[in-house]
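*Asks:* Sharing a model that was predicted from the sequence below.
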Amino acid sequence: FTLHPRTPYKAAYTRKIRQIRGGEVGSFGATANQAATRLPATLARPDASSVDNSNGSPNGSPDSRNNNSNGQKPRVIFVLGGPGAGKGTQCAKIVEHFDFIHLSVGDLLRTERQNPSSPNGQLIESYLAEGKIVPVEISLGLVKSAMETYPEGSIFLIDGFPRSADNLDGWRRTMSEHVDTMCVLVYDCPMEELEKRILLRGETSGRSDDNLQSAKKRFHTFSTQTMPVVRTLESTGVNTVHIRGENTLEEVWSDTRKEITTLLAAELQKRNEELCSLSPDDFCRYVDPEILNDFAKSGKWNDPQGEVEVVGKTATLRGAEGTRVWELCTGNWMLIHFSTSAPVS
Ligand SMILES: Nc1ncnc2c1ncn2[C@@H]1O[C@H](COP(=O)(O)OP(=O)(O)O)[C@@H](O)[C@H]1O
Ligand SMILES: O=c1ccn([C@@H]2O[C@H](COP(=O)(O)OP(=O)(O)O)[C@@H](O)[C@H]2O)c(=O)[nH]1
């Protein structure tokens, strides 16, 4: 078996993409704005005449997506659970281990509330204090703007959204066509545990809603509005994973990591099958330029089946005819090493 060494590919890949696209810089090495995700321009509620009945999307929303990531749309994982269930804590762990971007919608709202030039500051303040759900045009507008500052093809953890039928409806009308939903992570936790955690967090969080009175309102909102959204997502075939949020932090993390790993392994299998079906001219889409020649010379081995082991951002696929090591970078899977039983000619 020959293991082909790998050198850092980021700069080389950027050069390669420049060559292919005549100067356009891809996700790798681009600044956030250069390679930003392009999402529909408006989140305004469409009137009936502007709705395409086939999928409910507003007509004319410019599909200005400028995919430079192998046609990969941005992917999202929705993270839901009652107040204090551990969403933010687990998202922070996920970001530490995987190449994902965490967007807490609650944090986006709190930041917007502090912005003196925002027309929505007071409204947000009153909704948060009452534990009510802010109209989707505001929350989703903030999510969309935040997503647009990251490279295309990124994987986003959307923490605390969609929280109501209005949220889900807004997402479906404006975003679902442009974004792939990988799964929904739901942290289930009994109310008594949530209450304890919120009161404890309130001792240091400085959040005006981390008190018993607001917490009770938020629990009510969660059970009457957010849980029905979870059930709708489940019943409409969205991959929904329930995790026991009342366990210790490390136990919850272990379950979370297992789920993310399974998701990524399935995604990598698909990507590897795509690579197997490409002609050598197109290998550069998935293969690190540093090993591209060796890979092309080695012959296209159709060995898409195999066991995948994901560790953080790296996935190793061991098949009957060799081993392939892939790396996830800014949401893109790239082959960085390979070994094959056939000698390189
Ligand atoms: N598994 C856990 N066991 C005990 N406390 C936890 C656990 N996960 C999170 N916490 C604590 O509970 C509080 C709420 O967690 P957080 O992640 O902020 O919840 P959420 O984002 O769902 O509101 C925080 O103070 C956090 O440190
Ligand atoms: O999509 C969202 C997310 C949050 N919120 C508001 O922000 C508050 C805090 O949400 P966060 O997710 O930060 O905290 P949690 O209640 O989950 O601890 C909620 O009670 C809502 O009032 C909202 O209106 N829409």
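*Replies:* Ah, there it is. Predicted model, so just to flag it, every value in this text is computed and none were measured. Ligands and ions are numbered 1, 2, ... in the order given.
*Asks:* Disregarding flanking residues, what is the spatial nearest neighbour of the residue in the stretch 51-200 of the chain that ligand 2 sits nearest to?
*Replies:* At 1.8 Å from ligand 2, Gly106 is the closest residue in the stretch 51-200 of the chain, using CB to the nearest ligand atom. Every residue, glycine included, has its C-beta placed from N, CA and C. Leaving aside its sequence neighbours, Gly106 sits nearest to Gly160 (CB to CB, 6 or more residues apart in numbering; 5.0 Å).
*Asks:* residues making contact with stretch 266-275?
*Replies:* Around stretch 266-275, the neighbours that count as contacts under CB atoms under 8 Å, 6 or more residues apart in numbering are 182, 283, 286-287, 304, 306, 308, 310, 315, 317, 324, 326, 333, 335.
*Asks:* Is it possible to get JSON lines of those that adds distance to Met191, secondary structure and neighbour count?
*Replies:* Formatted as JSON lines, the contacts of stretch 266-275 follow (distance: CB to CB, whole Å; DSSP: H, G, I helix; E, B strand; the rest coil; neighbours: other CB atoms under 10 Å):
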{"residue": "Met182", "distance to Met191": "29", "secondary structure": "strand", "neighbour count": "21"}
{"residue": "Phe283", "distance to Met191": "54", "secondary structure": "helix", "neighbour count": "18"}
{"residue": "Tyr286", "distance to Met191": "47", "secondary structure": "coil", "neighbour count": "19"}
{"residue": "Val287", "distance to Met191": "51", "secondary structure": "strand", "neighbour count": "26"}
{"residue": "Pro304", "distance to Met191": "47", "secondary structure": "coil", "neighbour count": "16"}
{"residue": "Gly306", "distance to Met191": "45", "secondary structure": "coil", "neighbour count": "16"}
{"residue": "Val308", "distance to Met191": "39", "secondary structure": "strand", "neighbour count": "20"}
{"residue": "Val310", "distance to Met191": "35", "secondary structure": "strand", "neighbour count": "22"}
{"residue": "Ala315", "distance to Met191": "39", "secondary structure": "strand", "neighbour count": "24"}
{"residue": "Leu317", "distance to Met191": "43", "secondary structure": "strand", "neighbour count": "24"}
{"residue": "Arg324", "distance to Met191": "47", "secondary structure": "strand", "neighbour count": "25"}
{"residue": "Trp326", "distance to Met191": "42", "secondary structure": "strand", "neighbour count": "27"}
{"residue": "Trp333", "distance to Met191": "41", "secondary structure": "strand", "neighbour count": "24"}
{"residue": "Leu335", "distance to Met191": "48", "secondary structure": "strand", "neighbour count": "24"}
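*Asks:* Among those residues, which one lies nearest to ligand 1?
*Replies:* Met182 (19.5 Å).
*Asks:* my read: the closest one touches Thr240, true?
*Replies:* No: when contacts are counted by CB atoms under 8 Å, Met182 is not listed as touching Thr240 (11.2 Å).
*Asks:* ok, which pair from the contacts of stretch 266-275 is furthest apart?
*Replies:* Met182 and Phe283 (25.7 Å; CB to CB).
*Asks:* Counting neighbours, what do you get for the nearest residue to Gly121 once chain neighbours are set aside?
*Replies:* For Gly121, ignoring the flanking residues on the chain, the nearest one in space by CB to CB, 6+ apart is Arg113 at 5.1 Å. Using other CB atoms under 10 Å as the criterion, Arg113 is surrounded by 19 other residues.
*Asks:* do the one 10 residues further on as well
*Replies:* The number of residues packed around Leu123, counting by other CB under 10 Å, is 15.
*Asks:* Quick one: mean pLDDT for whichever strand or helix holds it?
*Replies:* Following DSSP states H and E, one finds Leu123 within helix 121-130. For helix 121-130, mean pLDDT rounds to 95.
*Asks:* Who are the packing partners of that helix?
*Replies:* Packing partners of helix 121-130 (3 or more CB pairs under 8 Å, 6 or more residues apart in numbering; DSSP states H and E): helix 105-114, helix 212-221.
*Asks:* Would you mind measuring from Thr262 to ligand 2?
*Replies:* 25 Å (CB to the nearest ligand atom, to the nearest Å).
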